[in-house]
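Visitor: no sequence for this one, just the structure:
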């Protein structure tokens, strides 16, 4: 089913000069950069999108495209104008931060903890590629390997390898300078990024395999298919340039979906952010709205371009040496996320202890009435028994909390511990 991305301005995707500028040399990627190998060939990519491409070309070669995709044999799909495998640089991000959430009604501020897991940031710009989150939930560290020059030639094709020109460390810095308006989560509350305290942040550089395929559609405009090639069959998006200026009633059905820049088929586009806000209980609305705000930093036209490092690839390469930039391996990712999970458990357990202690204080002061069932023959003794039981439960929860806090302090990733110690010395 065809769908369209709303509220996006049409841009010309046929900027082949940008890709040609990368085709001569393979960048000298930092050793921390990993790459996901292409899961299928150019021929398989053409078969994969041929039926849809044929429909956009007034059903030219439709039978051959249908047969090549669903039957096999000697069927020949529609052929593109050009097809190019590309390694697009991306960043995956895990972070735990604390900030304020301000309630608009009474200006009351709450300290909240935000957990960002598996966030996606573009590592470069190339129109649509800089705006899409080019990964789904099935992309795992086990798919990636350390980048080597041999990966620049796969399935009998030369791969264009784009350099990193965007650093997530710049994005984090710019987020802190965001205005209250930019960080509003809903009508009743706003998230204040200028007061962020970072408990941990880790950015992983990963090269995403893509096929860019161009087909001639109806007269006056062309389509570019962006096919994710890290697994079969590959999610794909379509960007269309130069739609004819015709009244809607005179357009073909396909053309009615064009005009908001791109379409996607078969699967929904991924969000750039997965967030979980504890304030201190899980706040679904705040979590969804902060994720939407983060997504808006990149998904709108021109968003990624604002984040390009002033020194380009050379500037980003310096950031690669920062200890917060990590290799995207299962061992690295799991250790960080386990530590973050401990943080979530601590925040929630602190809230439990706080609420139980408040109840105990109210019971002792007589401001709340305790109803016992079955009724006790001696109400005073019964109240003392309930209070003692509550005190024992609070003590057990406090013991559990102390063990969790000690475990988290002792299991913090060594690279993060050393960085924090260095930061503390520099502030003195």
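Guide: Ah, there it is. Only a predicted model underlies this, so the values are computations on that prediction, with no experimental measurement involved.
Visitor: and the nearest residue to residue 65 once chain neighbours are set aside, how far is that from residue 369?
Guide: Counting by Cβ to Cβ, 6 or more residues apart in numbering, residue 50 is the residue found nearest to residue 65 once chain neighbours are left out, at 3.5 Å. In short, each C-beta sits where N, CA and C put it, glycine included. In this structure, residue 50 and residue 369 are 73 Å apart, going by Cβ to Cβ, to the nearest Å.
Visitor: and what of residue 135?
Guide: In terms of Cβ to Cβ, residue 135 sits 55 Å off from residue 369.
Visitor: centre of the chain to stretch 298-309, how far?
Guide: 15 Å (Cα atoms, centre = their mean, to the nearest Å).
Visitor: okay, buried residues for that stretch please.
Guide: 298, 299, 301, 303, 304, 307, 308, 309 (16 or more other Cβ atoms under 10 Å).
Visitor: need the residues you listed in CSV (columns: distance to residue 402).
Guide: Listed next are the buried residues of stretch 298-309 as CSV, based on distance: Cβ to Cβ, whole Å:
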residue, distance to residue 402
298, 41
299, 43
301, 51
303, 44
304, 45
307, 42
308, 47
309, 44
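Visitor: among those residues, which lie within helices?
Guide: 298, 299 (DSSP state H).
Visitor: which of the buried residues of stretch 298-309 lies closest to residue 61?
Guide: Distance to residue 61 across the buried residues of stretch 298-309 (Cβ to Cβ) is lowest for residue 301, with 32.8 Å.
Visitor: returning to that earlier point: mind giving me a markdown table with the buried residues of stretch 298-309 and columns for pLDDT?
Guide: A markdown table is the format used below for the buried residues of stretch 298-309 (pLDDT from 0 to 100):
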| residue | pLDDT |
| --- | --- |
| 298 | 80 |
| 299 | 77 |
| 301 | 75 |
| 303 | 78 |
| 304 | 81 |
| 307 | 83 |
| 308 | 87 |
| 309 | 87 |
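Visitor: tell me the one among the buried residues of stretch 298-309 nearest to residue 394.
Guide: Lowest distance from residue 394 to those (Cβ to Cβ) belongs to residue 298, with 45.2 Å.
Visitor: for the closest one, give its distance to residue 69.
Guide: Separation of residue 298 from residue 69 (Cβ to Cβ) stands at 32 Å.
Visitor: remind me, longest strand of the chain?
Guide: Ranked by number of residues, the top strand in the chain under DSSP state E is strand 189-216.
Visitor: returning to that earlier point: if you count surrounding residues, which of residue 135 and residue 369 has more?
Guide: Neighbours were counted for residue 135 and for residue 369 using other Cβ atoms under 10 Å; residue 135 has more, 19 against 7.
Visitor: residues contacting the more buried one?
Guide: Applying Cβ atoms under 8 Å, 6 or more residues apart in numbering, we find residue 135 in contact with 90, 92, 120, 208, 228, 230, 270.
Visitor: in the host helix or strand of residue 402, what counts as buried?
Guide: Element membership for residue 402, per DSSP states H and E: helix 379-410. Within helix 379-410, the residues that qualify as buried by neighbour count (16+ other Cβ under 10 Å) are 383, 386, 390, 394, 397, 401, 404, 408.
Visitor: which SSE is immediately downstream of that helix?
Guide: Beyond helix 379-410 on the C-terminal side, the first helix or strand identified by DSSP H and E is helix 414-427.
Visitor: what's that following helix packed up against?
Guide: On a contact count with 3 or more Cβ pairs under 8 Å, 6 or more residues apart in numbering; DSSP states H and E, helix 414-427 meets no helix or strand.
Visitor: start at 20, not 1
Guide: OK, 20 is where the count begins now, so the last one is helix 433-446.
Visitor: give me the contacts around that helix.
Guide: By Cβ under 8 Å, 6+ apart, helix 433-446 touches 219, 342, 343, 345.
Visitor: those in helices, which ones?
Guide: Judged by DSSP H, helices contain none of the contacts of helix 433-446.
Visitor: want to throw those into CSV with pLDDT and distance to residue 259?
Guide: As requested, the contacts of helix 433-446 are exported to CSV (pLDDT from 0 to 100; distance: Cβ to Cβ, whole Å):
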residue, pLDDT, distance to residue 259
219, 92, 42
342, 94, 43
343, 94, 39
345, 96, 38
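Visitor: of the residues you listed - the most surrounded one?
Guide: Within the contacts of helix 433-446, most neighbours by other Cβ under 10 Å means residue 345, with 22 neighbours.
Visitor: surely residue 45 meets residue 171?
Guide: Yes. The criterion here is Cβ atoms under 8 Å, and residue 45 meets it with residue 171 at 4.8 Å.
Visitor: for the residue positioned nearest the centre of the chain, phi and psi?
Guide: The centre of the chain sits closest to residue 138, judged by Cα atoms, centre = their mean, with a distance of 2.6 Å. Residue 138 has phi and psi values of phi -70, psi 150 when expressed as degrees, to the nearest 10.
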